[in-house]
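>>> Please find the sequence and the predicted model below.
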Amino acid sequence: MTNVVPFKRPSPKQKHKGKTLCRNGFHKWKVDTTQKFDVKEGRLVTVQVCERCGKTKHTLN
Ligand SMILES: [Zn+2]
């Protein structure tokens, strides 16, 4: 019963698609919980990170 098939590799096609989306400004933003909320000029700032390319942005609440 050792029928291990490594089939969970993400296809390069999907990867490329994601990068294309990112390059067109369609990032997959997700709130970065590893970084705490930052207070900037008296306002609460949420740090968001793109799941695909790792880009970060700050959103003012
Ligand atoms: Zn991105």
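That came through, no problem. Residues are numbered from 1 along each chain as shown.
>>> Identify the bridge partners of the closest residue to Leu60 other than its chain neighbours.
Nearest residue to Leu60 in three dimensions, chain neighbours excluded: Arg43, at 5.3 Å (Cβ to Cβ, 6 or more residues apart in numbering). Quick note: C-beta positions are derived from backbone N, CA and C, even for glycine. On the basis of DSSP bridges, Arg43 is bridged to Lys40.
>>> again, but for Val31
Gln48.
>>> residues contacting it?
46-48 (Cβ atoms under 8 Å, 6 or more residues apart in numbering).
>>> What is the neighbour count of Leu44?
11 (other Cβ atoms under 10 Å).
>>> circling back: for the residue nearest to Leu60, the count of nearby residues, please.
9.
>>> before we move on, what about the one 10 residues further on?
Other residues lying near Cys53 total 14 when counted by other Cβ under 10 Å.
>>> The nearest residue to it once chain neighbours are set aside in helix, strand or coil?
Nearest residue to Cys53 in three dimensions, chain neighbours excluded: Cys22, at 4.5 Å (Cβ to Cβ, 6+ apart). Assigned state for Cys22: helix (three-state reduction, DSSP: H, G, I helix; E, B strand; the rest coil).
>>> Next one, pLDDT for Cys22 please.
With respect to pLDDT, Cys22 scores 93.
>>> got the contact list for it?
28, 50, 52-53, 55.
>>> quick one: low-confidence ranges for this structure?
Along the chain, segments meeting pLDDT under 70 span 1-2, 7-16, 35-41.
>>> The ion contacts on that one?
22, 27, 50, 52-53, 55 (Cβ under 5 Å from the ion).
>>> Now the two most distant members of the residues you listed.
Arg52 and Lys55 (8.5 Å; Cβ to Cβ).
>>> Neighbour count for those two, which is higher?
Neighbour count, other Cβ under 10 Å: between Arg52 and Lys55, Arg52 has more, with 16 against 13.
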